[in-house]
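Student: build the 3D model from these lines:
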Amino acid sequence: MMRSVGVLCCTLVILAGCGDDAVSSPDSSAHDASTSTTVVSITPPTTGVVAVDVPPCDLLTAEEVSSVSGLDVEEVGEVSPIACVFNFGTEAGVQVVVTVDDGEGRLAGPAAVFEAYAALVEDGEAEAVAGLGEGAVYAPGYRGLAVDAGGGRFIGLAVSGGFQHLRDPRDLLVQLATAALRHL
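Tutor: This is a model prediction of the structure:
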């Protein structure tokens with residue numbers, strides 16, 4: 001089971017792209033969900049995953065990502081029908097990846113990642129994030145956040161690249177997910 005979770009999450013990172021280094025953590029006081037330590041239960045999706053009808057690059061703007069991260073977004077691009085990369089450039093060496101589920105049951109789709117991350121909560125390798133969508137799970141080892149947006153829709157956010165910047169992106173991802181949910 002743990003090997004499957006690891007392979008699944010590595011596939012998501014490969015899908016998202018590569019990078020080098022990144023920036024300091026954002027101020028987490030902007031959103032209650034980002035500072036919550038409440039223990040919540042996560043129910044993995046069993047059926048009824050549907051396509052998110054908003055393209056991944058439309059869930060956030062470059063300005064939103066720059067504002068929350070403190071880094072200038074140099075390029076925004078769709079890398080697949082389900083993934084968008086907000087690239088901070090080669091000097092920063094890091095990027096934010098936003099994914100949407102297309103309801104096709106993809107191995108690295110946000111619903112599958114949500115389920116994989118939820119399985120890690122019991123072992124302490126991931127944490128449920130209260131107050132974000134109908135459920136959210138952050139996995140620090142993968143620098144990723146999977147969100148049940150409700151209505152069978154799932155989105156994912158992750159940081160890909162080096163560790164100079166955005167070393168622990170939990171609060172950044174929670175803030176960005178909060179903004180992305182407003183665009184659904």
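
Student: helices of the chain, start to end?
Tutor: Shown for the chain, the helices assigned by DSSP state H span residues 2-16, 32-35, 62-69, 110-121, 170-182.

Student: from the contact counts, what lies against the last one?
Tutor: Applying 3 or more CB pairs under 8 Å, 6 or more residues apart in numbering; DSSP states H and E, we find helix 170-182 packed against helix 32-35, helix 62-69, strand 94-100, strand 135-139, strand 144-150, strand 153-161. Bear in mind the C-beta positions are built from the backbone N, C-alpha and C, glycine included.

Student: chain center to the fourth one: distance?
Tutor: Think strand 135-139. Put simply, strand 135-139 sits 9 Å off its chain's centre (CA atoms, centre = their mean, to the nearest Å).

Student: buried stuff in that strand?
Tutor: G135, A136, V137, Y138, A139 (16 or more other CB atoms under 10 Å).

Student: who's in contact with the closest residue in space to G135 that isn't next to it in sequence?
Tutor: Spatial nearest neighbour of G135, excluding adjacent residues (CB to CB, 6 or more residues apart in numbering): D148 at 4.2 Å. With contact taken as CB atoms under 8 Å, 6 or more residues apart in numbering, D148 is in contact with P45, F114, G133, E134, G135, A136, F154.

Student: cool, and G150?
Tutor: By CB under 8 Å, 6+ apart, G150 lies in contact with G133, E134.

Student: what is the mean pLDDT for stretch 174-184?
Tutor: For stretch 174-184, mean pLDDT rounds to 97.

Student: what residues sit buried inside it?
Tutor: Within stretch 174-184, judged by 16+ other CB under 10 Å, the buried ones are V174, Q175, L176, A177, T178, A179, A180, L181, L184.

Student: cool, stretch 74-84 as well?
Tutor: Along stretch 74-84, these residues count as buried under the neighbour rule (16+ other CB under 10 Å): V76, V79, I82, A83, C84.

Student: with just CA atoms, put it into PDB.
Tutor: Output of stretch 74-84 as PDB, limited to C-alpha atoms (Å, rounded to 0.1, in the frame of the first residue of the first chain):
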ATOM      1  CA  GLU A  74       7.500  34.400 -14.900                       C
ATOM      2  CA  GLU A  75       5.300  32.000 -17.000                       C
ATOM      3  CA  VAL A  76       1.900  30.300 -16.700                       C
ATOM      4  CA  GLY A  77       1.300  27.300 -18.900                       C
ATOM      5  CA  GLU A  78      -1.000  24.300 -19.300                       C
ATOM      6  CA  VAL A  79       1.100  21.200 -19.400                       C
ATOM      7  CA  SER A  80      -1.800  18.900 -19.900                       C
ATOM      8  CA  PRO A  81      -5.600  19.200 -20.000                       C
ATOM      9  CA  ILE A  82      -5.600  18.700 -16.200                       C
ATOM     10  CA  ALA A  83      -2.500  20.600 -15.100                       C
ATOM     11  CA  CYS A  84      -1.200  24.100 -15.100                       C
END
